[in-house]
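Visitor: Requesting a structural model of the entry that follows:
(4 chains)
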4 protein chains.
Amino acid sequence: MSMATSRELANWGRWGDDDQLGALNLITPEGRRAALGAPRSGKLYSLGLPVQSEYLPPVPYRVPSQRLALTNQTDMPMWNTIGEQMGVPSPGTGANEDVLITSTHNGTHMDALCHVYHEGRMYNGFPADSSSTLNGAHFNSIDKIDGIAGRAVLLDVATHLGVPWLDPRVKIDSALLEETRSAQGNDVLPGDVLLIRTGWMDFLHSGEQPDTSYYGGYGQAGIGLDAVDFIDRHEISVVGADNSAVECLPCDERYQSVHVELLVKRGIHLLEHLDLRALSADKVHECFLVVAPLKIVGGTGSPINPIAIA
Amino acid sequence: MSMATSRELANWGRWGDDDQLGALNLITPEGRRAALGAPRSGKLYSLGLPVQSEYLPPVPYRVPSQRLALTNQTDMPMWNTIGEQMGVPSPGTGANEDVLITSTHNGTHMDALCHVYHEGRMYNGFPADSSSTLNGAHFNSIDKIDGIAGRAVLLDVATHLGVPWLDPRVKIDSALLEETRSAQGNDVLPGDVLLIRTGWMDFLHSGEQPDTSYYGGYGQAGIGLDAVDFIDRHEISVVGADNSAVECLPCDERYQSVHVELLVKRGIHLLEHLDLRALSADKVHECFLVVAPLKIVGGTGSPINPIAIA
Amino acid sequence: MSMATSRELANWGRWGDDDQLGALNLITPEGRRAALGAPRSGKLYSLGLPVQSEYLPPVPYRVPSQRLALTNQTDMPMWNTIGEQMGVPSPGTGANEDVLITSTHNGTHMDALCHVYHEGRMYNGFPADSSSTLNGAHFNSIDKIDGIAGRAVLLDVATHLGVPWLDPRVKIDSALLEETRSAQGNDVLPGDVLLIRTGWMDFLHSGEQPDTSYYGGYGQAGIGLDAVDFIDRHEISVVGADNSAVECLPCDERYQSVHVELLVKRGIHLLEHLDLRALSADKVHECFLVVAPLKIVGGTGSPINPIAIA
Amino acid sequence: MSMATSRELANWGRWGDDDQLGALNLITPEGRRAALGAPRSGKLYSLGLPVQSEYLPPVPYRVPSQRLALTNQTDMPMWNTIGEQMGVPSPGTGANEDVLITSTHNGTHMDALCHVYHEGRMYNGFPADSSSTLNGAHFNSIDKIDGIAGRAVLLDVATHLGVPWLDPRVKIDSALLEETRSAQGNDVLPGDVLLIRTGWMDFLHSGEQPDTSYYGGYGQAGIGLDAVDFIDRHEISVVGADNSAVECLPCDERYQSVHVELLVKRGIHLLEHLDLRALSADKVHECFLVVAPLKIVGGTGSPINPIAIA
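Guide: Alright, predicted model coming up:
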């Protein structure tokens, strides 16, 4: 049996038959504490995109992110009424509130391990038909994890190659990741979060996007199947990228092949639509990263605003 | 002029006439880097409640949090169709996705500085009528900040007083905060996030809640106006609590009086419905805290899942 | 074979193997034209409840109906911008718009034939697993019908019995329906819509509801299994009532037994939460009724505002 | 004073200072009863478009119509649980439900009289600033009316002119309406609903739409200011059309000029995005029309499925 085959489902059962954390088990308290030493300046970077209805190329079946006003300055008389129950009315005081409607896989988001299934199974062998429409995913849902906090390494592939962005459809392989790592001079430690910059977010903001259709004929650069070897070798805990799917589009070999390798087989959570532009500009290649998904019960993912400290 | 009066609007203009960060300016990169030394074990705590439709007493006018399925195992034929555009179809591979609908002030959430206005003004003097129903808040909205990362101190008032939870309507004052701090033996440093535990979250989970009506006659313990002095004296950057409003309910003296003092006058962001039970159980009184609100454009707040590292 | 058994699935195949209209086939253009002669005064009655977040006892898993403002008087500057593309700006002119979020089975609504399935089948034998989460029901969905317009007969059971409302859990049987019809002196014609008044809507508005939990121990009066015989005998096209489920709660014999008999076996659409109070007060027992469900593609039902003309 | 000026606000106060029905007052019970004689065949036509996320050119700020599944065949175990409280469990029986999210001015819809304001006033002089974000319109909201049922006349302008659709931006004037009426040989009676077919819906379905942007440079044929005279002369109660705004786009003279004349000054409700293709094909120029808006409390409009009986 080739090593690739033998490792294929290696993480199923690796942390117990009931495990729903997957490769997040690779981030230990000790490792996290050590990772707190990574920052040099203490500068904070937000890797989350603004949440609004029109920003990214729309995916037709996804509900756009929408903020709707619930209360504002037009509601003063109402607030006085409620105020009476909350204390003595204060005629000049009011509150603004809103409602958020969003697909959990819009914008900058995190894929839960239940997001993808393959041949009837999710990560760790849980059955794909255990999800319910009313209650969501019973296993591997986003509320099963508390969050991510640990060391992250940015492999800035676009900068390494001296281009503003990789050509659409380019498959990033293990050799290119290793070469970028080496050129940057970074170590990758077991349990690290791997962040990959393709430049797609720059492309998107350049105005050169020829087509607003996500699934149109254009595609995106991202990792292909070969890159999984790099991820295995370095015992990566989580993979994030500045594109829509971490993997290249169209997918390598078959639909969602890298999602299957990472989410399903290895229990590796994915972070998508990261805004890595500021980290790249400041040449921040190592940082302390915190990702705090909303603990949506039964949820298949969550919008996030990852915080990197350099 | 008394000191209290002279300080009243001290933070308007303190960081410039255009400032929309408020007391977050007190968290400097240097302070943040120093705060990375606070953790001892590296253990991670999530302070966010599960996001689901029924959890907290409902506020009648707020839209409950609701996860709705967008795709699941019933959608395989559709996914093959989309798959053809994303790569070679993979008949056994599919994706689960969902939609989240939530009020931004449900569950564990963060108040943006625009959340409350008083006498026609928000923090730093921006006009209350600058908000628009379609576009939300033009000033002081939640997308104006990148996130919070710094040192936090938990004042576990309930534990200090030897009770599971403070009686409803109790006003916590500066003396009680100081006494708790001193008994715990913690320093509070300029720029610290202040977390206050009243025990209300324990009360809520005890099943003793006699009334599911938020604005019912019961009330909640929280800080009163006197506690603002403690916050001023220690140059606190952000205040969070395990109750619904940080301040006591009914409010001290008048509706939202503490919100006016903190959000409007001082530009101090608030964190509400924090789950501080595990920190309390483990006697974690100092930690490195990261809060990552979604950058909802024009938003008046955001659901959050604060991450504490002990 | 007993008559009950032989009739059981009588309507499957009755109007063709592809039929998705069910007993609406009983309303012919000729019958509709004749029904236009039913009204005496031309007075219009709306049988729909107001659509708002709090009105009926909440069903825990259903999303409450919610109107949210999209634009209003705070959006004038934005409207001028859009106005420039829609014509010459008109500074004093603006538009109010909103967004509606609602469960399709809240409030006054119509059940599509796909709403209930039994032993793996919907009306006319379509498979229950032909529904998809993303696309909804493939067969028997609410968009398959254009609407209902025809003669309706109100059987005002509560008034006939001389009570403001029937006791909860009362099962209305065929004999009681026949007795009410006879006492009222109405004919029931083939293809008629049958409206049944239990008084539950009056009860609900009386403030005597002891319990806001829909599925609480209280129940509702409604038709039981025996009443299906009346419906068969009179060739009824559609059944509506002023309660939550047309059938009594708890259901007769087993969960949704009457829904199975009417929706699944006979293809008879149901109208629920009708406001029949004004028709009852005016003793309008025959009318021309129009029901206009939204043609929600794949939808399992629709909010409605039925219009009766007396 | 010119007649135009003297008539300008004629309907303010015409039916009382408190009136919120506007020109619907022109449809009397007697007129409605007479209108029941209009149908010849009894054939039913639905004038509502399917409700789905992608159908019409999107208006950027509006939330698309979206049906989301709430329960389906994946929820059987849950339904057994609920079933126990609703009756004896019936393992093979389950229910499909969904949630609808929609802008009230998407698809086929009706404008409430509060939809547009002009110079600080709505129909009958109610102040524009009486709307509240939380509670919606206080005056002239869609829940103030029970529905529309009466005689309607279709003026099929496109067919009269012998074209599949009028050129974009064409302004239909009173002379063209009169000419169409005369050629068709119809009387228009006081209180009639006026339906105008421009052919835009055919154009939309022809695939010739060059641009999916609603507010793009293309425009739509519709009535201009001159057509208001025809509406006044015939004492029209309601105006509907197969385009997006009844009026031409860009608007005649200034933004929403015809909305101001009809909604604001005359209290004439508008029906938009009507599907008049089948009526046109069958040459149905007179019918009995029922429009049943959802009684959304505070709502500025409602999705509708108008029912015409020929």
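
Visitor: Count the residues that sit near residue A:272.
Guide: 23 (other Cβ atoms under 10 Å in any protein chain shown). Yep, even glycine has a C-beta here, placed from its N, CA and C like the rest.

Visitor: let me fix that: residue A:13
Guide: Look at residue A:13: counted by other Cβ under 10 Å, it has 12 neighbours.

Visitor: Check the secondary structure at the residue lying closest to it once chain neighbours are set aside for me.
Guide: Sequence neighbours aside, residue A:124 is the residue nearest to residue A:13 in space, at 7.1 Å (criterion: Cβ to Cβ, 6 or more residues apart in numbering or on different chains). Counting by DSSP: H, G, I helix; E, B strand; the rest coil, the backbone at residue A:124 sits in helix.

Visitor: dump the residue contacts of residue A:124.
Guide: A:11, A:12, A:13, A:17, A:19, A:20, A:22, A:113, A:139, A:140, A:267 (Cβ atoms under 8 Å, 6 or more residues apart in numbering or on different chains).

Visitor: Quick check: phi and psi on residue A:96?
Guide: Dihedral pair for residue A:96: phi -100, psi 130, per degrees, to the nearest 10.

Visitor: any idea how far it is from chain C?
Guide: For residue A:96, the distance to chain C equals 11 Å [Cβ to the nearest Cβ, to the nearest Å].

Visitor: what pLDDT does the closest residue in space to that residue that isn't next to it in sequence get?
Guide: Leaving aside its chain neighbours, residue A:96 sits nearest to residue B:300 (4.3 Å; criterion: Cβ to Cβ, 6+ apart). pLDDT, residue B:300: 98.

Visitor: shouldn't residue A:223 be in contact with residue A:249?
Guide: No. The pair residue A:223 / residue A:249 is not scored as a contact, 11.2 Å apart, by Cβ atoms under 8 Å.

Visitor: Any idea how far apart the tips of stretch A:287-306 sit?
Guide: Length of stretch A:287-306, first residue to last, Cα to Cα, to the nearest Å: 12 Å.

Visitor: again with stretch A:58-73
Guide: 32 Å.

Visitor: what mean pLDDT does that stretch have?
Guide: Stretch A:58-73 shows a mean pLDDT of 90 in the predicted model.

Visitor: Quick one: distance of the strand or helix carrying residue A:278 to the chain centre.
Guide: According to DSSP states H and E, residue A:278 maps onto helix A:277-281. Chain-centre distance of helix A:277-281: 17 Å, with Cα atoms, centre = their mean, to the nearest Å.

Visitor: Stretch A:198-205 too?
Guide: The chain centroid and the centroid of stretch A:198-205 are separated by 16 Å under Cα atoms, centre = their mean.

Visitor: just stretch A:144-157 next, same as before
Guide: 9 Å.

Visitor: for stretch A:267-274, same thing?
Guide: Chain-centre distance of stretch A:267-274: 3 Å, with Cα atoms, centre = their mean.

Visitor: now do stretch A:143-158
Guide: On Cα atoms, centre = their mean, the centre of stretch A:143-158 falls 8 Å from that of its chain.

Visitor: anything in that stretch near chain B?
Guide: Yes. Using Cβ under 8 Å from any Cβ of the partner chain, stretch A:143-158 reaches chain B at A:143, A:146, A:147, A:149.

Visitor: Redo the residues you listed as JSON lines? Include neighbour count, distance to residue D:155 and pLDDT.
Guide: Putting the residues of stretch A:143-158 next to chain B into JSON lines (neighbours: other Cβ atoms under 10 Å in any protein chain shown; distance: Cβ to Cβ, whole Å; pLDDT from 0 to 100) gives the following:
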{"residue": "A:143", "neighbour count": "24", "distance to residue D:155": "58", "pLDDT": "98"}
{"residue": "A:146", "neighbour count": "20", "distance to residue D:155": "65", "pLDDT": "98"}
{"residue": "A:147", "neighbour count": "24", "distance to residue D:155": "63", "pLDDT": "98"}
{"residue": "A:149", "neighbour count": "25", "distance to residue D:155": "68", "pLDDT": "98"}
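
Visitor: Chain D next: which of those are close?
Guide: The subset of those within reach of chain D, by Cβ under 8 Å from any Cβ, is empty.

Visitor: Is the nearest residue to residue A:278 once chain neighbours are set aside within a helix or a strand, and which one?
Guide: Closest residue to residue A:278 apart from its sequence neighbours, by Cβ to Cβ, 6+ apart: residue A:45 at 5.3 Å. Secondary structure from DSSP H and E places residue A:45 in strand A:44-46.

Visitor: what lines up beside that strand in the sheet?
Guide: Sheet partners assigned to strand A:44-46 using DSSP bridges are listed as strand A:307-309 (antiparallel).

Visitor: what about the partner strand, distance to the chain center?
Guide: For strand A:307-309, the distance to the chain centre is 14 Å (Cα atoms, centre = their mean).

Visitor: From the rest of the structure, what touches that strand?
Guide: Contacts for strand A:307-309 (Cβ under 8 Å, 6+ apart): A:39, A:42-47, A:152, A:279, A:284, A:287-292, B:32, B:36, B:146-147, B:149, B:290, B:292.

Visitor: Mind checking the pLDDT average for it?
Guide: The average pLDDT for strand A:307-309 rounds to 98.

Visitor: Equivalent analysis for stretch A:162-181, please.
Guide: Mean pLDDT, stretch A:162-181: 95.

Visitor: so is the residue of chain A found nearest chain C in a helix, a strand, or just coil?
Guide: Going by Cβ to the nearest Cβ, chain C is nearest to residue A:68 of chain A, at 4.4 Å. Secondary structure assignment for residue A:68 (three-state DSSP): strand.

Visitor: Tell me where the stretch 151-300 of chain A has helices.
Guide: Under the criterion DSSP state H, counting those that start in this stretch, helices of the stretch 151-300 of chain A are mapped to A:157-160, A:174-184, A:200-206, A:228-233, A:257-259, A:277-281.

Visitor: that older thread, now the residue of chain A closest to chain C: how far from chain D?
Guide: Computed as Cβ to the nearest Cβ, the residue A:68 to chain D distance reads 8 Å.

Visitor: Surely that residue and residue C:69 touch.
Guide: Yes. Between residue A:68 and residue C:69 there is a contact under Cβ under 8 Å: 7.2 Å.

Visitor: Name the residue in those two with the higher neighbour count.
Guide: The neighbour count for residue A:68 versus residue C:69, taken as other Cβ under 10 Å, is higher for residue C:69 (30 against 24).

Visitor: Now do the contacts for the more buried one.
Guide: With Cβ under 8 Å, 6+ apart, residue C:69 has these contacts: A:68, A:69, B:133, C:96, C:97, C:98, C:99, D:131, D:133, D:134, D:136.

Visitor: List just the nearest of those to residue B:199.
Guide: Comparing the contacts of residue C:69 against residue B:199 with Cβ to Cβ places residue D:134 closest, at 31.9 Å.

Visitor: Thanks a lot, catch you later.
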